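Q: Sequence first, predicted model second:
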Amino acid sequence: MLTIHNLQKSFTIHHLQKTFPALENISLHVKEGGFLGIVGKSGSGKSTILKSIYRTYMPQAGNIIFHSDAYGEIDLLQATTRQIVYLRKHEIGYVSQFLNVMPRTTALELVTQSLLDVGVEQQEAIARAKQALRHFDLEEKLWNSYPNNFSGGEKLRLNIACAIVKEPRLLLLDEPTASLDQASKVKVRESIEKLKAQGTTLIGIFHDLEFMEGLCDDVFTMMKISDKEVLA
Ligand SMILES: Nc1ncnc2c1ncn2[C@@H]1O[C@H](COP(=O)(O)OP(=O)(O)OP(=O)(O)O)[C@@H](O)[C@H]1O
C-alpha cells in the first residue's frame, strides 16, 4: 500500500541560519490492510514521517509510493496539489492531537462535511455523523456548538470522528489518544480494530505502548539522529 525509500528531511531555522536534519535515509513499507506502529524517542522524527506522507511537509529527497485507487501507483512527493487534495479527501486520513477548526462550523456540520466530501448523500451523511459523534461520546448538547471552545479531549474525539467516518484507505494516526481518558481510548481502539477488519491500512504513532499491543502488525523504531552519531 505504501513504500517509503530513503526519505530525507531537514529544517532550516532562518533566524539561527542553521539547518537541522530530522529524517535521514528512512525506508519502510506497509502492506495493504496492515498496521505499522512507529515508536522512538521524542524528537526522533516520527511525526515528520506522517506529515511527509500527508504532504504537510515536503522532504528534500526520497520517494513515498502510494497505491492509490484513483491514480494507481503514485509518488506522493511528486503528486500535484490537486492530486493531494483529492487523496486527502478520499483516500488518506490524518488524525493528530489537534483539531483544524473551521470558523462558524458546528461539530455536527464538521463531521457531516467529511462525509459529503466523499460523496455521501446529505441525509445519510447527517445520520452517520450523529452515529460517529455518539460513538465517540461527544455529548449531544455540543453537536450544534462551535468546537473552538471544546476541551482538548472533546476536540480530539471530534477530530477522530471526522477522519474515521470517511473510512479512508490509509489512515495516519499521530498520537490520537494523547489526552484521552481510558474509556475514550477504548472507543478509539474499537474503531481502529473495526477499520482494520474492513481492510484499512494504518500507520500510527502512540506513546502508550500498551495501547498498540495486539493492534500493530509491525513496529518501526526511529532513532534520534544525534543518538545514531553517538553509536557510529
Ligand atoms: N516545522 C518544523 N520546523 C523546525 N523543526 C521541526 C519542525 N517540525 C519538526 N521539527 C524538528 O524535527 C525533529 C523531529 O520532530 P518530530 O515532531 O517529527 O519528532 P517526534 O518523534 O514526532 O517527536 P514527539 O514524540 O515529541 O512528538 C525535531 O527535532 C523537531 O524539533
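A: On my side now, so go ahead.

Q: what's the top helix by length along the chain in contact with?
A: Across the chain, the longest stretch assigned as helix under DSSP state H is helix 182-197. Applying C-beta atoms under 8 Å, 6 or more residues apart in numbering, the contact partners of helix 182-197 are 33, 35, 135-137, 153, 156-157, 160, 164, 167, 171, 173, 176-177, 180, 202, 204, 208, 211, 215. Any C-beta I mention is one placed from the backbone N, CA and C, and that applies to glycine too.

Q: Repeat the analysis, applying 6 Å as the threshold.
A: Identification of contacts with helix 182-197 by C-beta atoms under 6 Å, 6 or more residues apart in numbering yields 136, 164, 177.

Q: next one: stretch 94-112
A: 54, 125-126, 129, 132, 142-144, 147-148, 155, 158-163, 165, 172-176, 178.

Q: Check stretch 73-83 too.
A: With C-beta under 6 Å, 6+ apart as the test, stretch 73-83 has contacts from 55, 63-68.

Q: Produce a PyMOL select command limited to the buried residues of these.
A: Burial among the contacts of stretch 73-83 is assessed by 16 or more other C-beta atoms under 10 Å; the matching PyMOL selection reads:
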select buried, resi 55+63+64+65+66+67+68
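
Q: partners of residue 203 in the sheet?
A: residue 36, residue 172 (DSSP bridges).

Q: ok, it touching residue 172?
A: Yes: between residue 203 and residue 172 there is a contact under C-beta atoms under 6 Å: 5.4 Å.

Q: What is the burial count for residue 118?
A: Counted by other C-beta atoms under 10 Å, the residues lying close to residue 118 total 14.

Q: From the ligand, how far out is it?
A: Using C-beta to the nearest ligand atom, to the nearest Å, we find residue 118 at a distance of 28 Å from the ligand.

Q: what residues are up against that residue?
A: Contacts of residue 118 (C-beta under 6 Å, 6+ apart): 90, 166.

Q: the bottom helix or strand of the protein by mean pLDDT?
A: Ranking every helix and strand in the chain by mean pLDDT, DSSP states H and E puts helix 225-231 at the bottom, with a mean of 58.

Q: now residue 89, nearest residue through space, not along the chain?
A: Nearest residue to residue 89, sequence neighbours excluded (C-beta to C-beta, 6 or more residues apart in numbering): residue 117, at 4.9 Å.
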